[in-house]
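K.L.:
One predicted model, sequence on top.
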Amino acid sequence: MHVHVNAATSVDGKLSSRRREQIKISGDDDFARVDEIRATTDAVLVGVGTVLADDPHLTLDDDELVSAREARGEPPHPARVVADSRARTPTDARILDDEATTYVLVSAAAPADRRADLEASGAVIVEAGEERVSFPEACDALEARGVERLMVEGGGEVIFSLFSDGLVDELSLYVGSMVIGGRDAPTLADGDGFVADFPSLSLRAVERVDDGVLLTYDC
Ligand SMILES: NC(=O)C1=CN([C@@H]2O[C@H](COP(=O)(O)OP(=O)(O)OC[C@H]3O[C@@H](n4cnc5c(N)ncnc54)[C@H](OP(=O)(O)O)[C@@H]3O)[C@@H](O)[C@H]2O)C=CC1
Ligand SMILES: Nc1nc(O)c(N)c(N[C@@H]2O[C@H](COP(=O)(O)O)[C@@H](O)[C@H]2O)n1
């Protein structure tokens, strides 16, 4: 499986503010670029923190990209995936509408009633891990369901775990020209942080996009 992480940060590396509310960091051209990456993937993954904070939809905005996928014999939108160890995703979350398949990755510790509620709301439950979602197991389970190309849109907890598990193949990072600040504001890679064996990336491209910079790395 190819795992492509895409995110937008402020100059100081923040994904959003300390209020953990969605902030428009990207400009129009960068959002169009994100749509194009989504269009080439089989599934788009976020953590439950992003679902609770942003209530994202994770489908394609551009109808021409939808038509091109259909012409290739693919579903109109990539599947949506949420890493949600205890099945906390709200049943009225936008990712649970019927526009695309939605996988909810849970751990063995997820309560049975919450799993049933999410299944009744259209989710496909995939168990991977004991207390917390195990991404290596989850990737195998998604691959068995036909997901070869996985895009990850955040947030910082999930991105850290994927780097920690050595699962990231590619990173595209849009750095917008704003300062957000805040010691408690989420950053590109949160979690416990590394103290040794820091993942070292290989810079492939640097490009000006909108009023910011797009950095592309092989990982
Ligand atoms: N600018 C940008 O590009 C983006 C910004 N954001 C912003 O980021 C913030 C949300 O980020 P964040 O709070 O880090 O949330 P995440 O989206 O990273 O979700 C974190 C949650 O995912 C669950 N999870 C399940 N398995 C794992 C695992 N193996 N490793 C890590 N987490 C796991 C955990 O909850 P549990 O234990 O219950 O499973 C955890 O609390 C919001 O403010 C949002 O607006 C988000 C995406 C993109
Ligand atoms: N690329 C990018 N730039 C920003 O400025 C952002 N705030 C985000 N956030 C991500 O986009 C998701 C919203 O997706 P929908 O438009 O609802 O499909 C959000 O949840 C973050 O993952 N991304």
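P.N.:
Now that the structure is in, tell me what you want to look at. Ligands and ions are numbered 1, 2, ... in the order given.
K.L.:
what are the phi and psi angles of residue 203?
P.N.:
phi -70, psi 120 (degrees, to the nearest 10).
K.L.:
Report the contact partners of it.
P.N.:
Residues near residue 203 by Cβ atoms under 8 Å, 6 or more residues apart in numbering: 215, 216, 217. (Glycine included, C-beta is placed from N, CA and C.)
K.L.:
Switch these over to a markdown table; also include distance to ligand 1 and secondary structure.
P.N.:
Output for these, formatted as a markdown table (distance: Cβ to the nearest ligand atom, whole Å; DSSP: H, G, I helix; E, B strand; the rest coil):
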| residue | distance to ligand 1 | secondary structure |
| --- | --- | --- |
| 215 | 13 | strand |
| 216 | 15 | strand |
| 217 | 15 | strand |
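K.L.:
Narrow those residues to those that are buried.
P.N.:
Taking 16 or more other Cβ atoms under 10 Å as the criterion, what is buried in the contacts of residue 203 is 215, 216, 217.
K.L.:
Please, where are all the helices along the chain?
P.N.:
28-39, 48-54, 63-71, 112-120, 135-144, 156-164 (DSSP state H).
K.L.:
closest one to residue 102 among the ones you listed?
P.N.:
helix 112-120 (8.8 Å; Cβ to Cβ).
K.L.:
Which positions within the closest one qualify as buried?
P.N.:
Neighbour-count burial for helix 112-120, counted by 16+ other Cβ under 10 Å, picks out 114, 115, 118.
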